[in-house]
Each structure stands twice: as C-alpha cells, then as structure tokens.
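>>> Need the 3D shape of this:
(chains A and B)
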Amino acid sequence: MNRDVYVIGVGMHRFSKDPISKRDLYFTAGMDALNDAGVKFRDIGSLYNGYIGGGMTEGIGFAKDLGLTGVPVTHVENASATGSSAFREAVWAVSGGQTDVAMALGYDDMRLMGNPMTQPARGKKRLPSMENIMLPAGFFAMWAQRRMHENGTTVETFAKIAAKNWNHARHNPMAQRRADHEVTADEVMAAAMVAYPHTAMMACASGAGAACAIVATEAWAKKHANGRPMIKVLASQSQSEHYGDGHIFMGAVVGPAYSTELTGQLAYKEAGLGPKDIDFVHVHDAFPIEELMYYELLGFCGAGEGDRMVADGETTFGGKIPFSPDGGLIARGHPGGPTGLAQVWDATRQLRGEQGKFQVEGARTGLVHMMGAGSICIVHVLQRA
Amino acid sequence: MTKMVPLEEGYMVIPENPELPCRLIGSYSKSANKTYFPIRKLCPVTSEPVETVELSPVGELYSWSFIMMPKMGSREKVPGYGVGQIDLPEGVRIQAPIDGKMGDWKIGMKMRLVPNPVVTDEDGTQYCGFKFTPA
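Numbering: from 1, shown residues only, chains lettered A, B, ... in the order given. Okay, here's the model as predicted:
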C-alpha cells in the first residue's frame, strides 16, 4: 500500500429475519460507525455503498440521511464479497491518497433478491437462461460430496463445524441466529435436509442487515483512537479466477477452491507474515465444507488434515486458531452486501479486545476472507498496531 | 412430433433424429490444447483464437447432490432434484441437473447428456436446457 491505512470505526445493524426497511438498516450502521470512530459524516472523503439487491440510485439515496456533503459515492457489487469489495475500495482510496477518511457501508435483504441471471423475454415467452446460476446450496454440497469421496470426511464433521459457529454466535448481539442452548452436532444433523449432505442448520442464515467500516490515515487514527488500540490494515488482496483443470465456467457460483489459497498467499506476502501469526480467521462459511477446506487452503493445516482440526476442537475459542468467532455466515448471518463488513466489524472489535463473551483472548492479528459469486476472492489482514 | 429446440443458441445441438445424441458446443484452443464450455470468445489461458467444437455426449460423474430447496429466484416448494458435475473426455467439467433419486448416483458412473424441456410453446415446441442421465 502507498500509505498506511487504519480502521477507525465500525458499526452494524443486527442481522435479522425481521422486516426492517433497508433505509433504516443503512442509517443505523452508518451512524454506529461514525460514533464509534468519533467523526462526522462531513469528514468522510469517499463513500462506497455495497449492496446486491436494490435498484439504481438506492444506496446514494439512503446516504442522504447521513448528510448532503458532496462526498463522492460509489456503488460496489461483487455478490457475497460486496462488503469486502467496498471495504477494499475504501482502503485503497485512503492508501492511494484520494482521501484521508473513507467509509464502506454494506446493506441488503437477501430475501428480496430475485434471480440475477434471468434472460429478457424471447418473443412472447420469458425463458430462463442457459447460464442460470446453480444454487449455492447445490454447488457447495457437491464440494462436500467430493470431499467425502476423496478424504472420507463424515457428515458429523460438517455438523460439528456448523454447531461450533452456532455456539460462537450465542453471545454476539449482532447475530441472526442466537440459540438459547448449546447446539450439538446431532441437532444440526437432524435438521431438514437442504442439499445432501448439508442440512438447514449447516446453511448460512439469509436475512437482512447492515455493516459499516471507516478507514483513515495514521494521523486520523491517532487523533481518534480515544485510548483504544489502533487497527492497521496490513494486507488487501483480491483475485478473480485463474484457469484450472476441471474449470467450471457455467453456473459455478464460485471458482476453484484454490482461489482462496492463491489470494491468501498474496495477503500473507503483503502483510509479511504467515498462518502461524494469525490469531483468528473469518471466512465465507456459507456451508461447513467451505470452512473445512479453508483451514487447509489458508495454511492452518496440511491437505486433508482439516477433519482432525475439527475433531480436536482447534478452531473454536481456546483452540489453535478460532474460525468465525462471531458465528460466521452460518449463524451471524449472510444478508449479502454487508456480510464482509460484518467480518471487519468483528475483526476490529476482536483486535481491540471489545467482544466480551466471544472475545478471542489476546488477539493481535486477524485474517478476513470472502468469496463472491462470479467469482472473486478477497482477503484482508488486520492487526492491532 | 414434438420439436425440441435449445433455450438459447450456441450451447447445444439437438438433432431432429432422436436416435442421435444431443451434444454441447464448446471451444477448443489449439494454442493451449484445452477445451472449454460454454463457447469462449478467446482462449482464457493464452488469449489466442479458439475454434467451435461439439463435445462428447457421455462423461463421468465427478460429484452430485440432491437439493430440497426451490430453484434460484423461486420460492415454489420442490419435491427435490439431483444436480451433478460431469467430466467429459475433452477435460471439460459440466454442471447440470441429473436424472434419478437419492441412492441412484455413484461418483465415477457414466452419465449421458439429454435435453431438459423447460418451457413448451403453444405450438408444442419444447425449449430445452440440458441435463444428464445415468448411461
């Protein structure tokens, strides 16, 4: 990066299945982040709105509730990686010298989204497109099925990962799924099947929500630290697909799993550190097969060793490397646009030591990973300065 | 006799003679010696020109799932349907619905491409996507 960049404020509106207007979601998360940072909207030099659903002008319209300051506003969309992309744009706006303070604000209601791939009418008939995207549930289930075939991974392993994330979310006030009891792998396996071998309790929670992050230069970070640790962005990497054997061009949802490995390696290189230096990880755990594979692809264990990490409890609090400490997509939720920024919300607060009952003790460095359909992989590394 | 046509041009060939196999249309890159589906405008590896080729109608099942959720963009309840990834001999992996029910599929089994009627016109013309069925 050209200039050092710091996260100076984060905010959220709880992820939820409740009917909340997107305008209210937007305003709540934006004000929460401004108050957290101790800055005013007039201080923001560039604003990146991240949303998948919604029509033309929606985000810039909602921004008017925060103020009419003339700030440049840009709509960013990268499917599930929308919030992460908005964050990355904000980071580079500051790093590149465009502005000293930038805001990334993601919001969405996943339930209001239609099929983005539908073709226009052909004659009088409205026909589905050949390029109709595969349901993510089916796509990742096929990852799981292949993993079971090649590695002998059991459904119970997937259930244990999901139960872990449900339990991580129990104390997260921003989580969509907050169980009133300790969730067990048996309970997860007994839930309705959505796409074999994944059950409904293994699938990410889709609902509505918003999340926001404000990034700034070192001078602004120092001025607004307010006695709290400063959180530095050590790496910001993004990769679209590289060709590989068995490459699926049509309806793939996301590209090859090794996109995560490549992007992770670039992020480690930029940050000047490796997996052993990371204290917690956020990933695109839309289904537990993903989290399992990312243990290996991000270098936290060798190929095929992820199952053992689950059996040994290495990816929960007190383990070798906690994954999805806020509940992840499975339990904190995945509305779409704000999801990557909810990861930044938790990562920032983890690094400040503010997460109370779901705090990763002594966390100094966090890795934040997201996949977006199309596809794109984004990895950020944040560190307590 | 029912006429079957592809939903969109450029993806598949459905012969009028039902005895002949339906085939997907892909691109072959001489410069990379690789084949892709669907058609590419240029070779994604070398950026050199590609030629249009018809692909083998039979491949091997690489992975599968049985989905109990509505299709993308729909909230209609469904009785469940199979999806699979099929490796064709040209080195192409195809993702598509598959015929059958839980217990019918095994990774490595042979699967054959068939038309998948999606919409029927007033004159009886069937607009088809594609799917695979155990060979």
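
>>> Determine the three-state secondary structure at the residue of the stretch 201-350 of chain A found nearest chain B.
Of all residues in the stretch 201-350 of chain A, A:G246 sits closest to chain B, at 4.2 Å by Cβ to the nearest Cβ. (Each C-beta comes from the backbone N, C-alpha and C, glycine too.) Three-state call for A:G246 (DSSP: H, G, I helix; E, B strand; the rest coil): coil.

>>> Pairing-wise in the sheet, spell out the partners of the residue nearest to it when sequence neighbours are not counted.
Spatial nearest neighbour of A:G246, excluding adjacent residues (Cβ to Cβ, 6 or more residues apart in numbering or on different chains): B:R93 at 4.2 Å. For B:R93, the beta-bridge partners are B:D87 (DSSP bridges).

>>> How about the contacts made by B:R93?
Taking Cβ atoms under 8 Å, 6 or more residues apart in numbering or on different chains, we find B:R93 in contact with A:G246, A:H247, A:I248, B:Y62, B:Q85, B:I86, B:D87.

>>> Please work out how many residues are found near the nearest residue to A:V101 once chain neighbours are set aside.
Spatially, and ignoring its direct neighbours in sequence, A:V101 is nearest to A:A216 (4.4 Å; Cβ to Cβ, 6+ apart). By the other Cβ atoms under 10 Å in any protein chain shown criterion, the neighbourhood of A:A216 contains 27 residues.

>>> A:A216 contacts A:A102, correct?
Yes - if you go by Cβ atoms under 8 Å, A:A216 and A:A102 touch, sitting 7.4 Å apart.

>>> What about the residue of the stretch 201-350 of chain A closest to chain B, how many residues nearby?
Based on other Cβ under 10 Å, the number of other residues close to A:G246 is 11.

>>> and if you look at A:G319?
15.

>>> Next: A:Y107.
A:Y107 has 36 neighbours, counted by other Cβ under 10 Å.

>>> try A:F139
A:F139, neighbours per other Cβ under 10 Å, totals 25.

>>> What values do phi and psi take at it?
The phi/psi pair for A:F139 (degrees, to the nearest 10) reads phi -60, psi -50.

>>> ok, it - contacts?
A:G251, A:A252, A:V253, A:V254, B:Q95.

>>> coming back round to it: would a markdown table of the contacts of B:R93 with distance to B:P79 be doable?
Formatted as a markdown table, those follow (distance: Cβ to Cβ, whole Å):
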| residue | distance to B:P79 |
| --- | --- |
| A:G246 | 30 |
| A:H247 | 32 |
| A:I248 | 26 |
| B:Y62 | 25 |
| B:Q85 | 22 |
| B:I86 | 23 |
| B:D87 | 28 |
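
>>> Could you work out the most separated pair of those?
Within the contacts of B:R93, A:H247 and B:I86 form the most distant pair, 13.8 Å apart (Cβ to Cβ).

>>> Just want to know which of the two has more residues nearby.
Comparing A:H247 with B:I86 by other Cβ under 10 Å, the one with more neighbours is B:I86, at 24 against 19.

>>> how close does the more buried one sit to A:M202?
25 Å (Cβ to Cβ, to the nearest Å).
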